[in-house]
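Colleague: Sequence first, predicted model second:
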Amino acid sequence: MNIRKLRLHDTGGTLSSEDRDEYEKDYARLIQSPAFRRLQGKSQVFGAGSGDYYRTRLTHSLEVSQIAREVARRLGKTYPFLGQNEHPGLLMVPEVVECAALAHDLGHPPFGHKGEEVLDHILRERYGVPYEGNAQNFRILMFLEKRAGSDRGLDLTAAVLLAINKYPYNMDDPGRMKGVYPMEWKGIDYLRGLWGMPAGCSTLEAQLMDLCDDIAYSTHDIEDGVRAGKILLTEDFFEDDRLVDGVVREILDDPASMAAVQWESTNLKAMVRRVLEDYYRQWKEIYVQYGRETSRTNREMKARWVSKFASGVGIIDDPKTGWKRVTFVKDGVEDFDMLRTMEILKKLAWVTLIKDFRVQRLQKRSENMLKRLWDSLERYETGRLILPPDWVESYDMQKGDWPWERLVADYIAGMTDAYAEKVYTELFASRTGSIYERD
């Protein structure tokens, strides 16, 4: 038995007998799923539908998958141990990483990070349970989606499921903020045990997917910000002390960044200023080189930074865990300068885009909508009357496994931005609707 290609429910392959590789089947199951299609209507930074140019969760996921697939191919040629089958978690199959990247954002609700924040706040405050986008991925993949011939998830291979699992923890563990909900953790934990995965360590494929997500975020979102006029490519903008201080503050307020990148060994403010100055100087050189054509300059700038980050990815031994780690590598050791540079660009996108007052207004509007939608659905007796019948039927069959509030979270989280607005309008706005509109 190939334990990387094992499926939790179709262990004998009786529902998967076509003449295709198992990872090709996973790819098909993902891109043909409604959850994947709905990513086209979910915000990345700017609201989905706010312009033809800006990225959505779907285009972001496609870009992450392209970067991850190509880096996986390069690493496979660079590190001989990846082809020696030493351990199922120490392999690097491009098709597996590609599938994981396509699925990594399925659990994000409408309205971007604000939607996740609102659902998590409601569930924790009222029920003492969390909502977390990465955990929701597995709820979708292992339960909510229904592929042909199955009534329980897409039943992906073990390799792809564990490549999506960048936080290999049970969300029920004390103090755990990211991980997998207990119901789905049973299956993930079983696969990890079968593979002999060290506690708290993720597969190399999961680590690469996660790093490529950061690469895309730190480059593509800045391109969107420039296009939207939120990031002004002028010397005054990049030398603004308020911008520098804002980036510094976001880094200091991010415990994960502070722990992973070892900022204590550098002058944080000086490095932020240097990276921003270098970024602007490079943009200006390309701008002159390409005849002062702004659109072409922005595309070239993005491509060069993606290439810079992607070519710096490597694998090192991790003495803290005894496992291996995918990170930026230079001369055989972790390249902290590259890690810090990427963090600064990520925070630049956050400060200039998410913290923009117009974006904040839209997020406040989104928060109000989601809270009122939740209040309308919260009680089973009344909520069931305004939910689609198949959702109520599914709950009635499975209510021994999960409570009503989890179904409400599933339903709202699965909405696109536009569908959330549609349901909100039907419930609260003065309008003439039709009972023949289809959900």
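Modeller: Structure received.
Colleague: Please count neighbours and contacts with C-alpha atoms only from this point.
Modeller: Fine.
Colleague: Spell out the secondary structure type for the residue positioned nearest the centre of the chain.
Modeller: By Cα atoms, centre = their mean, the mean C-alpha position of the chain lies nearest to residue 105, the distance being 3.8 Å. When classified by DSSP: H, G, I helix; E, B strand; the rest coil, residue 105 comes out as coil.
Colleague: My guess is it contacts residue 57. True?
Modeller: Yes. Using Cα atoms under 8 Å, residue 105 is in contact with residue 57, at 7.0 Å.
Colleague: Off-centre distance for stretch 122-135?
Modeller: 18 Å (Cα atoms, centre = their mean, to the nearest Å).
Colleague: need the longest strand for this protein.
Modeller: The single longest strand within the chain, with elements called by DSSP state E, is strand 323-330.
Colleague: Could I get the buried residue list for that strand?
Modeller: By neighbour count on 16 or more other Cα atoms under 10 Å, the buried set for strand 323-330 is 323, 324, 325, 326, 327, 328, 329.
Colleague: repeat for stretch 392-399
Modeller: Here stretch 392-399 shows 392, 395 as buried, counting by 16+ other Cα under 10 Å.
Colleague: could you give the mean pLDDT of that stretch?
Modeller: Mean per-residue pLDDT for stretch 392-399: 90.
Colleague: One more: stretch 342-354?
Modeller: Here the average pLDDT along stretch 342-354 is 89.
Colleague: Stretch 317-337 too?
Modeller: Mean predicted confidence for stretch 317-337 is 96.
Colleague: Same check on stretch 371-385?
Modeller: 97.
Colleague: what about that stretch, how long is it end to end?
Modeller: 18 Å (Cα to Cα, to the nearest Å).
Colleague: Then stretch 101-109?
Modeller: Termini of stretch 101-109 sit 17 Å apart (Cα to Cα).
Colleague: Quick check: buried residues in that stretch?
Modeller: 101, 102, 103, 104, 105, 106, 107, 108, 109.
Colleague: Then stretch 168-183?
Modeller: 168, 169, 170, 171, 172, 178, 179, 180, 181, 182, 183.
Colleague: Redo those as a markdown table? Include secondary structure and pLDDT.
Modeller: Formatted as a markdown table, the buried residues of stretch 168-183 follow (DSSP: H, G, I helix; E, B strand; the rest coil; pLDDT from 0 to 100):
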| residue | secondary structure | pLDDT |
| --- | --- | --- |
| 168 | coil | 97 |
| 169 | coil | 97 |
| 170 | strand | 97 |
| 171 | coil | 96 |
| 172 | coil | 93 |
| 178 | coil | 94 |
| 179 | coil | 97 |
| 180 | strand | 97 |
| 181 | coil | 97 |
| 182 | helix | 95 |
| 183 | helix | 93 |
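Colleague: who does the longest strand of the chain touch, helix- and strand-wise?
Modeller: helix 204-227, strand 313-318, helix 336-349 (3 or more Cα pairs under 8 Å, 6 or more residues apart in numbering; DSSP states H and E).
Colleague: what's the angle between that strand and helix 204-227?
Modeller: Orientation of strand 323-330 against helix 204-227 (axes from the mean of the first three to the mean of the last three Cα atoms, to 10 degrees) gives an angle of 40 degrees.
Colleague: who does strand 323-330 pair up with?
Modeller: strand 313-318 (antiparallel), strand 333-334 (antiparallel) (DSSP bridges).
Colleague: And the contacts of the shortest one?
Modeller: Around strand 333-334, the neighbours that count as contacts under Cα atoms under 8 Å, 6 or more residues apart in numbering are 316, 327, 328.
Colleague: domain ranges for the protein?
Modeller: 22-195, 229-355, 368-428 (automatic domain parsing).
Colleague: what's the closest of those to residue 211?
Modeller: Proximity to residue 211 (Cα to Cα) singles out domain 229-355 among those, at 7.2 Å.
Colleague: chain center to that closest one: distance?
Modeller: 19 Å.
Colleague: and if you look at stretch 182-191?
Modeller: With Cα atoms, centre = their mean, you get 20 Å for stretch 182-191.
Colleague: I'd like to know how many residues surround residue 115.
Modeller: The tally of other residues near residue 115 (other Cα atoms under 10 Å) stands at 24.
Colleague: how far away is the residue lying closest to it once chain neighbours are set aside from residue 62?
Modeller: Of all residues not flanking residue 115 in the chain, residue 109 sits nearest, at 5.6 Å (Cα to Cα, 6 or more residues apart in numbering). Distance of residue 109 to residue 62, computed by Cα to Cα: 18 Å.
Colleague: and if you look at residue 323?
Modeller: 29 Å.
Colleague: And residue 358, by the same measure?
Modeller: Taking Cα to Cα, one finds residue 358 at 27 Å from residue 62.
Colleague: ok, these two, which is more surrounded?
Modeller: Per other Cα under 10 Å, whichever of residue 358 and residue 62 has more neighbours is residue 62, with 16 against 11.
Colleague: which secondary structure element contains that one?
Modeller: Using DSSP states H and E, the element containing residue 62 is helix 57-78.
Colleague: between that helix and helix 204-227, how big is the angle?
Modeller: Using the same axes, to 10 degrees: helix 57-78 against helix 204-227 is 130 degrees.
Colleague: List the buried residues in helix 57-78.
Modeller: 57-58, 60-72, 74-76.
Colleague: got it, and stretch 327-345?
Modeller: 327-329, 334-345.
Colleague: so residue 405 makes contact with residue 378?
Modeller: Yes. In this structure residue 405 lies within contact range of residue 378 using Cα under 8 Å: 6.6 Å.
Colleague: and for these two, which residues touch both?
Modeller: With Cα under 8 Å, 6+ apart, residue 405 and residue 378 have no common neighbours.
Colleague: Number of residues surrounding residue 375?
Modeller: 12.
Colleague: what about it, distance to residue 395?
Modeller: Taking Cα to Cα, one finds residue 375 at 18 Å from residue 395.
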